[in-house]
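K.L.:
Quick check, what structure comes out for this input:
(2 chains)
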Amino acid sequence: MSDAHSAVHGGHHVDPSLPKEYQTEENSLRIAGFWVFLGQDLVLFSCLFATYVVMHGRTAGGPTSMDLFDVPGFTIETIALLFSSFTCGLATYEMRRGNKNPVIAWLIVTLILGLVFIGFEVQEFVKDVSDGARMSTSGFLSSFFTLVGTHGCHVSVGILWMAGLIFQVARRGLTPTTSRKLFTVSIYWHFLDAVWIFIFTVVYLTGKVL
Amino acid sequence: MLDEGPLIWMSDALITLATIGIIVVLTYFKLWKWLWDNWLTTVDHKKIGIMYLIAAILMLFRGGTDGMLMRAQLSWPNLHFLNADHYDQVFTTHGTVMILFMAMPAIIGFFNVAVPLQIGCRDVAFPYLNAISFWLFFAAAMLFNLSFVVGGSPDGGWTSYTPYVENMFDPGPGENYFIVSLQITGIGTIATGINFMITILRMRAPGMTLMRMPMFTWSVLITSFIIVFAFPVLTAALGLLLIDRDFGAHFFTVSGGGMPMQYVNLFWIWGHPEVYIVILPAFGIFSEVISTFAHKRLFGYAAMVVSMASIAILSFIVWVHHFFTMGAGPGVNSFFGVSTMAIAIPTGVKVFNWLFTMHKGRIEYTSAMLWALGFIPNFLIGGLTGVMLAVPPADYQYHNSYFLVSHFHYVLIGGTVFGVFAGLYYWWPKMFGVLLNERLGKWHFWTFMIGFNVCFFPMYFLGFMGMTRRVYTYPAGYGWGVINLIESIGAIGMGVGFLIMVYNIVWSARFGERDTTGDPWDARTLEWATTSPAPEYNFARIPEIKGRDAWWLMKRNGESINGPKDIPFEPIHMPNNSGRPIIMSLFFFIAGAGFIFSWWILTIIGLLGVLVTLAQRSFEYDDHHYIPVEEIERTESAAGRL
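P.N.:
Residues are numbered from 1 along each chain as shown, chains lettered A, B, ... in the order given. I've put the predicted structure just below:
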């Protein structure tokens, strides 16, 4: 804890015995802060999940989850996102081994899988809306679009972030700073994957049977 | 805007005049560059803390004016000084401003002023983020204040209960102002919570173990945890309400299958912890002030810490006591009644610890100490009436009555506002290098404290007599008239007290006693080890901590804050100033205005601006500089510490 102090105030002092993303004290602070950020994001999602569960049966005569959810669509979304989490893990693995080009390659694969996910989600939303299942139809649909849409917004922000990072890694290589950025975007990405597993279970799978 | 009547026209004129006045003064004295370089772009926690406190005092004036308007309206039966609509707006903005834009920035201001100094480090963990937090709060406060003159203020109460605030019953932008400005300041507050949690957990000086931290720092750490777990719930509640209002969703409208109680639950899951967010740091301030001016170490340090942690945990399991009468059933009401009463136990432990700290102490009755002493009985009255409210069957009698209004003013004013005043008198020399006038400070204390009791104590009786909150006028013959008049006179006393404080600030800036020692109170914690005001880098050398009350120990052992003389200084690594936080908050302001008026072009411009500033930051690598050794030596020798 407090022995880290001298390093903080020494600025960009690098300790090569640590994993790349933790080599400066400033980076290790930022990673810790990012974990706390994810903690608060988890609280936000919990509220949206609770609201969805409360609203699930409140369809006000509109379409129910059984009418609406399309099994192939959300299955492809799930596979794309879970797989992207894996490729994101490979990027981190290559970052630790110091291989710049594989890092960039795996990040691009991750980004493409993320775009596939978003593409299918947008398609699903457009289809629902054109079938008359809008946010304003019922409490159920309000909460469905908000919960899944909030996750989708997070993924979109992650895609923009990752795109910016690919440039930085390409230009600057794997420095402690770019490694730290890569590490934080990867824990963000895995977090979204974990949230999706809950959406998949609570919203889609449960919604297909109840 | 044009059909609003003279009250609003006058405000329009005054706001315009004040704005022109500020611009003219800044231009005439050529202060723009100074303001920009030294304040608007700063990432120094001490300056950010000062800006928070200035904003909080301005907001105290605004919220206090709302309070005065309400007291004027209620001071006699059948008055029609304000009409019902205006009264609704005034009590809504009074509550919202006081909690979110006065109490919060004031305590966060003290986080910034004191915490890094108390734990012996040079800045918060994320200085740039800290500036963003401040500017988001500031943009949100400005947006909220604008509501009064542009489009109408919110009028749904500071709790904004659904379904009253849905478009159907409350059209117009007023309610959107509430939602959007709270959302923006909430983002900043979450960032502050993360920032101070990491600062305290990871940046303490060597030897400063958790159980050696000053009590104020402990209170900030625990408060940061509450912020991080409670504020996202507010984000969710407000977000859903905004979606309902702007996009026609049905979360809280019964017609579309929505459920108004879901909002009430979410609101209070944040709202109850929120009252501990504003009270625990005040407890921390009182702990510092009492041990300093009793010249004794704090009694029961470990018990204090455990009490605060218990209060933090309990704060999350009491929220239903805000709606006992909404039909949750005896089982649920009993659980939440008992958990609420349980909070009195750790709070009582803390009160006894303060009393034992003073026992056999050499008590010095400074202004700061007076506020701490005044806090104990006043907060006790508020706390005990809180336990009365926590009894569900009894609550059926008092809920939404003036008994409740009195209760929460006793805890929030007797606790938080007294704490803020104590903190101002205590840390003023550390912030500005000047002491506030003690004589004026005592006048401030007595007028405000007596005025406060005259204003709020009769409200308990008024509550028993059946007067409910949020009534804008009442008929004669209930026996409420005289009591209300007495309360309004008390409110004037508080107003006079506030003005004396402002006069004290102005007077002391010119004639106040300079603090040349850095330690005017013979205090115990590390912030008093450095110059008043502290240099940019706080400590030339990071101190070694050998025990609790670190500075007291150093003084007793005759040690210097810079350690042994022969070790040379090293260059100090500091973050650069940045204009981006204020620009980013301007984009948040623009996006917020777009959401308020459903003007989507504005929203898109604002949100794109936010994204671009975020991306710019991500591509910024050169954001630090080093303070050279010569400069440190110059500063330290000027302070007589070489």
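K.L.:
Flag every buried residue along the longest helix seen in chain A.
P.N.:
Using DSSP state H, we find that the single longest helix of chain A is helix A:139-172. Neighbour-count burial for helix A:139-172 flags A:139-148, A:150-152, A:154-156, A:158-159, A:161-162, A:165-166, A:168-169 (criterion: 16 or more other C-beta atoms under 10 Å in any protein chain shown). For the C-beta atoms, the positions are set from N, CA and C on the backbone; glycine is no exception.
K.L.:
Could you list the single helix or strand in chain B with the lowest mean pLDDT?
P.N.:
Here the helix or strand of chain B ranked lowest by mean pLDDT, DSSP states H and E is helix B:6-28, holding a mean of 86.
K.L.:
give the contact list for the residue of the stretch 351-500 of chain B found nearest chain A.
P.N.:
Proximity of the stretch 351-500 of chain B to chain A (C-beta to the nearest C-beta) peaks at B:Lys430, 21.0 Å away. By C-beta atoms under 8 Å, 6 or more residues apart in numbering or on different chains, the contact list for B:Lys430 reads B:Val113, B:Ala114, B:Leu117, B:Asp515, B:Gly518, B:Glu527, B:Trp528, B:Ser532, B:Pro533, B:Ala534.
K.L.:
what does B:Ser287 give?
P.N.:
By C-beta under 8 Å, 6+ apart, B:Ser287 lies in contact with B:Met215, B:Phe216, B:Ser219, B:Leu298, B:Met304, B:Trp354, B:Thr357.
K.L.:
got a list of what the third one touches?
P.N.:
Applying C-beta under 8 Å, 6+ apart, we find B:Ser219 in contact with B:Leu280, B:Pro281, B:Phe283, B:Gly284, B:Ile285, B:Ser287, B:Met308.
K.L.:
the helices in chain A, which residues?
P.N.:
A:5-9, A:25-55, A:65-68, A:71-97, A:100-130, A:139-172, A:176-198, A:206-209.
K.L.:
Which one, of these, ends up nearest to B:Pro475?
P.N.:
helix A:139-172 (41.1 Å; C-beta to C-beta).
K.L.:
returning to what we had before: need the helices of chain A in CSV with mean pLDDT, can you?
P.N.:
Below are the helices of chain A laid out as CSV (pLDDT from 0 to 100):
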stretch, mean pLDDT
helix A:5-9, 43
helix A:25-55, 96
helix A:65-68, 91
helix A:71-97, 95
helix A:100-130, 96
helix A:139-172, 96
helix A:176-198, 96
helix A:206-209, 90
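K.L.:
Please convert those helices to a markdown table, extending it with distance to B:Val264.
P.N.:
Output for those, formatted as a markdown table (distance: least, C-beta to C-beta, whole Å):
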| stretch | distance to B:Val264 |
| --- | --- |
| helix A:5-9 | 44 |
| helix A:25-55 | 12 |
| helix A:65-68 | 26 |
| helix A:71-97 | 32 |
| helix A:100-130 | 29 |
| helix A:139-172 | 15 |
| helix A:176-198 | 25 |
| helix A:206-209 | 26 |
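K.L.:
Specify the residue positioned farthest from the middle of chain B.
P.N.:
Distance from the C-alpha centroid of chain B, by C-alpha atoms, centre = their mean, peaks at B:Asp566 (43.7 Å).
K.L.:
Pretty sure it sits in a strand.
P.N.:
No: under DSSP: H, G, I helix; E, B strand; the rest coil, B:Asp566 sits outside any strand and is assigned coil.
K.L.:
Next, give phi and psi for it.
P.N.:
phi -80, psi -10 (degrees, to the nearest 10).
K.L.:
so what's B:Arg362 closest to, chain neighbours aside?
P.N.:
B:His295 (4.7 Å; C-beta to C-beta, 6 or more residues apart in numbering or on different chains).
K.L.:
What pLDDT does the model give the one you found?
P.N.:
B:His295 is assigned 95 on the pLDDT scale.
K.L.:
number of nearby residues for it?
P.N.:
15 (other C-beta atoms under 10 Å in any protein chain shown).
K.L.:
who's in contact with it?
P.N.:
B:His295 sits next to B:Gly361, B:Arg362, B:Ile363, B:Glu364, B:Asp522 when contact means C-beta under 8 Å, 6+ apart.
K.L.:
Is there a quick PyMOL command that grabs whichever of the residues you listed are buried?
P.N.:
Burial among these is assessed by 16+ other C-beta under 10 Å; the matching PyMOL selection reads:
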select buried, chain B and resi 361+363
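K.L.:
how about JSON lines for the contacts of B:His295, with distance to B:Glu570, secondary structure and pLDDT added?
P.N.:
Formatted as JSON lines, those follow (distance: C-beta to C-beta, whole Å; DSSP: H, G, I helix; E, B strand; the rest coil; pLDDT from 0 to 100):
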{"residue": "B:Gly361", "distance to B:Glu570": "41", "secondary structure": "coil", "pLDDT": "94"}
{"residue": "B:Arg362", "distance to B:Glu570": "40", "secondary structure": "coil", "pLDDT": "95"}
{"residue": "B:Ile363", "distance to B:Glu570": "42", "secondary structure": "coil", "pLDDT": "96"}
{"residue": "B:Glu364", "distance to B:Glu570": "39", "secondary structure": "coil", "pLDDT": "96"}
{"residue": "B:Asp522", "distance to B:Glu570": "31", "secondary structure": "coil", "pLDDT": "94"}
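K.L.:
related to what we said a few turns ago, dump the C-alpha coordinates for the host helix or strand of the residue of the stretch 351-500 of chain B closest to chain A into CSV.
P.N.:
Assigned by DSSP states H and E, B:Lys430 falls within helix B:418-432. C-alpha atoms of helix B:418-432 as CSV (Å, rounded to 0.1, in the frame of the first residue of the first chain):
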residue,chain,number,x,y,z
PHE,B,418,-23.1,23.1,11.4
GLY,B,419,-20.4,20.7,10.2
VAL,B,420,-19.7,22.8,7.2
PHE,B,421,-19.5,26.0,9.3
ALA,B,422,-17.2,24.2,11.8
GLY,B,423,-15.0,23.1,8.9
LEU,B,424,-15.0,26.6,7.4
TYR,B,425,-13.7,28.2,10.6
TYR,B,426,-11.3,25.3,11.2
TRP,B,427,-9.7,25.0,7.7
TRP,B,428,-10.1,28.6,6.6
PRO,B,429,-6.5,29.5,7.6
LYS,B,430,-5.2,26.4,5.8
MET,B,431,-7.1,27.4,2.6
PHE,B,432,-6.4,31.1,2.5
